[in-house]
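Participant: the following block contains a protein sequence and its predicted model.
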Amino acid sequence: MRSNTAYGVVIDAPHGSVTVDVGMRNFTLGEQHVMRYGTYARRGWRDRLYRDAIKSLVKLGKDLEERKSAATGS
């Protein structure tokens, strides 16, 4: 995790990364600016934001593994 980037907090994984911008209350896959204001609000929104960002990154990894195994299995 890198918190001193120009984009926000970047969480890295072997298969990609996700950028979390607390000011925009949203996240995006990859290391880039978050372009849309998110819908996270109320108590606990920051925890949900990071949880959803990590879930999205994990899902990306699983999707890439499935594609990789499908391509080698064909």
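Facilitator: Thanks, I have it. Numbers count the residues shown, from 1 in each chain.
Participant: helix or strand for residue 72, which one?
Facilitator: Following DSSP states H and E, the helix or strand that holds residue 72 is helix 45-73.
Participant: buried stuff in that helix?
Facilitator: 49, 50, 52, 53, 57, 60 (16 or more other C-beta atoms under 10 Å). Every C-beta, even on glycine, is put in place using the N, C-alpha and C of the backbone.
Participant: check stretch 37-45 too.
Facilitator: Neighbour-count burial for stretch 37-45, counted by 16+ other C-beta under 10 Å, picks out 38, 40.
Participant: tell me which residue is most central in this structure.
Facilitator: residue 18 (3.1 Å; C-alpha atoms, centre = their mean).
Participant: that older thread, and the helix holding residue 72, what does it pack onto?
Facilitator: strand 9-13, strand 16-21, strand 26-29 (3 or more C-beta pairs under 8 Å, 6 or more residues apart in numbering; DSSP states H and E).
Participant: among the buried residues of helix 45-73, which pair sits farthest apart?
Facilitator: 49 and 60 (16.9 Å; C-beta to C-beta).
Participant: next, count neighbours for residue 3.
Facilitator: 9 (other C-beta atoms under 10 Å).
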